[in-house]
Each structure stands twice: as structure tokens, then as C-alpha cells.
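Dropping the sequence and predicted coords here.
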Amino acid sequence: TLTDNAGNESAPSPARTITIDTTSPTVSSVVISATGASGSLLNAGDVVTVTATYSETVTGQPTAAPTLTIGTETGITLTPGTTTGNTRTWTYTITDTGTTDTGSISVVGNLVAGLSDAAGNAATGSTPAASGVFTADTTAPTVSISDNATGTANGDVIFTYTFAEAVTGFDASKVTVTGGTKGLFTVVSTTVYTLVVTPAASSTADIVLTTSTVGVTDAAGNVATAPATYSQAVDTVAPTAIDLITGNGSVDATESQFYNVSNAAAGKTLFANIQASSDTDIAIIKVAVGGAVADTSNDKLLIVGTSTDTINLNTIPQNGTETISGIAVSWSYSSGKVLTISQTGGGVFTALQVQTIEQALQFKTATGATQGDRSFTISHTDLSGNTGTSAVETVAVDTIAPDAPTSAPSGYKDDVGTSQSITSTAANTDDTTPGILVGANLTTTTPKLYANGSLVAATYDAVAGTLTPNAALAEGSYSFTYTLTDSAG
């Protein structure tokens, strides 16, 4: 208002409003937010926003811009955003560095200094801790592949995929297999997966795994790094079938022989006629003892070598070493009555060595042993563990001779000269090859002719019942006898 000298006061002028403000602005909150987050996890390309909210509108920017800390990485520069009103914002885009930008996120800086309100009051107070919990993870998961095969595989192989961290999206469709067929796929855990692969039959081609990780991610969304191609050596080619009889143009899986009185108490070679194998990677020779009858107290296997090892078939287990024609072998006789022969110190035999070893195996029993068949099943296993088609050698033990004839020949057949007869008993004859009557139809035994105690080559006529010398006899007196020989000899 205005007042004159007489003391008269004018009416008030138009009003001007002035706000007295002595209160300094403060930081109300600091919030960390993000776009593209998978829960609280961030990966490359996600954007982190830091928002500071003040108690009133402020001007200016903090004297020192805040920085971001991610794990052990500090001093990360933020890009300024909003610069007016009561908020200030800064942003940072997570980079794909693999080893950095990994860990919990926090804000460092004084968000007060350099700011003031409209009245010029400088911002005061401390900067509160930022809210909003995020973790950056830009590291792609890695994966390693292993399998359960030792050396070369000859059967199903279990491949194990082990990821460095939990992933999703991995299944059998991510694996391409050559050299085999995919089987059971198992999720063991979020980091471990297994796949069974059956190798191709009769093949030496490696199993090869080519693995895609498209769509296989960790919790932050990082795509797993695809592993290198993985290979497993394979050998499913079985050894060739064993041929027990050499040189007859066929593969003989069976052969039979007799163990008779002439062999009694001596060793008889089991595989005398066996064909040399064409395989050069045989590591194990096995002989399984069987048959309808056995005499475990008398039956033995012999490994004929420098010292000749004797294996009693009723004693399990047994083992030893032997040298056969310069070949050092180790052997064991175990449950199931199986003889296993391998090269001392490991390795494989040559084809000739296999045949040499097999022809050094003998069967032996006693004269009074249980009569009947014994079987010996022989098989080859290569270095990869493949077993080929086996063969069976049957030994018929027959050490009992047929009963001796109880009567002398009943006469002879005379078909020479004027006095002929098919049943002559005359003391004299002009027939130098008389057919000695020993009996017709001797089908289970073979008669042999003796003259004065000496064996005479003769032909038996089962219908006529005669044994006729193959060559003319000299003049003289003869005492004819005969014996019976069974099929075992």
C-alpha cells in the first residue's frame, strides 16, 4: 500500500506470492528394473534401468554419474535418461562377453551432489540402497560327452551329456547318430542326460554323435554351446565260424571221434583236424566241457606244451601258464567247466597260433571210465569281445571191448574144385581162400580173421557170414580164429 503526508493509506496493490523454501530435496528411492529379464536373471541384450526418485522436483544432474556393479565388475558406465522432474534415470544394456557381466547387480554413486530444488536448496542426505534384485548371466552353458565303453565297443553304448549348469530343451532329437541306432534317452537331472546307442551289426564304423543345442538354454536364456562331434570306436564283426575239418570244402561245426582201448590212459587230440582261422584278432579261446555223461574223477584235459598242464575236470577253479610251440599262454578252468586260454600279458594270437594252441588240447580218461559221449564246445572271442559261431567236438568214450566169441568158426565155404560146399567142415581143401564161417549179420561189430594167430586181411560177407582171405594162402595147416571189433575200434 501507499500512505501520503496526511497519513492516508491507499488500497493494497495486486498480490505477489512468494514461497519461502528452506528445505533441501532428498533422494526418496533408487530402483533397479530391467526389460527382457527371465525372472531375476538377465543375459546379453537385456536392458537395466536405474531410477532415482527425489522428494521434489530438482534441477541438474548428479555431479558424478552413478555406476553399475555386476558381480566383480565395477565402474560400469550408465547412459543418462530422464533429466527433468523429480526423477533421474540411467540405462545399461547387458553385453555378451561370456566372462564379465555375470553376477548380482548393484548401483554405486552419490545421487545428491549437484542437484537442487527451485528455491536453490541443494539436495542433501544419503543415497538409499537400490531395490530390485537382478543377476546377470551371459555365459553360455557348456556340455561334455562321455561314454561307458572301454576301448572299442561291441554292444550298446551309454553316452552321457553333462552340462555345466541346468538347462532346458535338451532331448534325443538334438542328437544325430551315424554308425548306430538311438535307443533310450534318460533325463538323469537338469544337468545330466544319457542316450543309449546300439552300434550297427557286423560293422567297424565308429558311432558318431553330432549334437545341436538350438533351443537348449539355461535359466537366463543363454543358448548352450554345441559340443564337438564325438566318436566311439566300434567292432561288431564276429570271428569267422570255426571249421573242425580241414580241406573238405565246407564249414563243419561238428565232428565226432572215439576214445577206445588203444587210447586208454593216453591223451587224444581233440581238434586234430581243425582249420586255421582267417582272423588275426583272436584274443580268447574257450572250450566248454559237456556231454550226456562225464566221469569227473577220471576225465582230464591236457594242454600239451613245454611242461604239459593237466586239468582235472572235477576241480574248480584251476589256472596256470603254458608254452605251446613258443607261444606263451595263460589259462583258467572255471565254473561251468569252461577252459579259457589267452595270451600271457594280453594281446591277440595270429591265425596259425590259434590253430597250434587248439591242436595242443587233448582229452584223457582211464580205461574203466564211465562209457558215453563227452562234448567240447570251442569258441573264439576277438579283442573287442565279439564271439563267433562255436563248434562242437564229440568224443565217444568206449574202452570196453566186445565179448570174445565163445565158439570156433563152424566151418568154411569151399567154392574151388570138384568138392565144393558153402558149409564145409572137411579137414582138407584145395581152396586157397576159404570163406571162414563166423556168423551172418554181425552189424554192431566187425570180425577180423587170424590164421595161426596172425591177422589176415579178409573181407566179411554179412549175408553168407564168411570171412574170406583177400590173398591166397600158402599150402599148410592153419588154425583159424576170429575177433570182434566194435565201432570205437
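Alright, I've got the coordinates.

So, low pLDDT: which residues of the protein?
Within the chain, the segments meeting pLDDT under 70 span 97-99, 261, 263-265, 292, 296, 488-489.

where along it do the helices fall?
351-358 (DSSP state H).

need the longest strand for it.
Scanning the chain for the strand with the most residues, using DSSP state E, yields strand 372-382.

Can I get that one as PDB, trimmed to CA atoms?
Extracted in PDB, the C-alpha atoms of strand 372-382 (Å, rounded to 0.1, in the frame of the first residue of the first chain):
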ATOM      1  CA  GLY A 372      29.500-142.500 -23.200                       C
ATOM      2  CA  ASP A 373      29.800-139.100 -25.000                       C
ATOM      3  CA  ARG A 374      31.700-136.100 -23.900                       C
ATOM      4  CA  SER A 375      31.300-132.800 -25.800                       C
ATOM      5  CA  PHE A 376      33.800-130.000 -26.200                       C
ATOM      6  CA  THR A 377      32.400-126.700 -27.500                       C
ATOM      7  CA  ILE A 378      35.100-124.400 -28.800                       C
ATOM      8  CA  SER A 379      34.700-120.700 -29.500                       C
ATOM      9  CA  HIS A 380      36.800-117.700 -30.400                       C
ATOM     10  CA  THR A 381      36.400-114.200 -29.000                       C
ATOM     11  CA  ASP A 382      38.200-111.200 -30.600                       C
END
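
centre of the chain versus it, how much separation?
25 Å (C-alpha atoms, centre = their mean, to the nearest Å).

Run a quick neighbour tally on the residue lying closest to Asn222 once chain neighbours are set aside.
Leaving aside its chain neighbours, Asn222 sits nearest to Ala140 (4.7 Å; criterion: C-beta to C-beta, 6 or more residues apart in numbering). Where you see a C-beta, it was placed from the backbone N, CA and C, and this is true even at glycine. Ala140: 22 surrounding residues under other C-beta atoms under 10 Å.

and what of the one 4 residues further on?
A count of nearby residues for Ser144, using other C-beta under 10 Å, gives 11.

For it, give me its contacts.
By C-beta atoms under 8 Å, 6 or more residues apart in numbering, Ser144 lies in contact with Tyr161, Thr162, Pro227.

ok, now which ones touch the first one?
The one in question is Tyr161. Counting by C-beta under 8 Å, 6+ apart, Tyr161 has contacts Val143, Ser144, Ile145, Phe170, Val192, Tyr193, Thr194, Leu195, Thr211.

Give me the residues contacting the longest strand of the chain.
For strand 372-382, contacts defined as C-beta under 8 Å, 6+ apart pick out 235, 237-239, 242, 270-271, 274, 277, 279, 281-294, 299, 348, 354, 358, 363, 387-397.

For PyMOL, write the selection for the buried entries among those residues.
Buried subset of the contacts of strand 372-382, written as a PyMOL selection, criterion 16 or more other C-beta atoms under 10 Å:
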select buried, resi 235+237+238+239+242+270+271+274+277+279+281+282+283+284+285+286+287+288+289+291+294+299+348+354+358+363+388+391+392+393+394+395+396+397
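
Excluding sequence neighbours, find me the nearest residue to Ala219.
The shortest distance from Ala219 to any non-neighbouring residue, by C-beta to C-beta, 6+ apart, is to Leu41 (5.5 Å).

what bridges to that neighbour?
Ser38, Thr135 (DSSP bridges).

Quick check: it touching Val133?
No: counting by C-beta atoms under 8 Å, Leu41 does not reach Val133; the two are 10.5 Å apart.

Run a quick neighbour tally on Leu41.
17.

quick one: contacts for it?
Going by C-beta under 8 Å, 6+ apart, Leu41 touches Phe134, Thr135, Ala136, Asp137, Ala219, Ala220, Gly221.

try 6 Å
Applying C-beta atoms under 6 Å, 6 or more residues apart in numbering, one finds that Leu41 lies in contact with Thr135, Asp137, Ala219, Ala220.

Got the phi and psi for the last one?
Geometry field for Ala220 lists phi and psi as phi -80, psi -10, criterion degrees, to the nearest 10.

you'd agree it is up against Ala44?
No: the pair Ala220 and Ala44 fails to qualify as a contact (C-beta atoms under 6 Å) at a distance of 9.2 Å.

These two - which one has more neighbours?
More neighbours surround Ala220 than the other of Ala220 and Ala44, with 24 against 20 (other C-beta under 10 Å).

quick one: that one from Tyr92, how far?
For Ala220, the distance to Tyr92 equals 16 Å [C-beta to C-beta, to the nearest Å].

same deal with Ser144?
33 Å.

sorry, back to before: which single one of the contacts of Ser144 is nearest to Asp252?
Tyr161 (48.7 Å; C-beta to C-beta).

Relative to Gly180, how far out is the closest one?
16 Å.

Roughly how far does the closest residue to Asp96 other than its chain neighbours sit from Ala37?
Once flanking residues are discounted, Asp96 sits nearest to Ala44: 3.4 Å by C-beta to C-beta, 6+ apart. Noted for Ala44: a distance of 13 Å to Ala37, by C-beta to C-beta.

same check, this time on Ser144
Distance from Ser144 to Ala37, by C-beta to C-beta: 29 Å.

cool, Ala440 as well?
108 Å.

Looking at these two, which is more packed in?
Ala37 (19 against 13).
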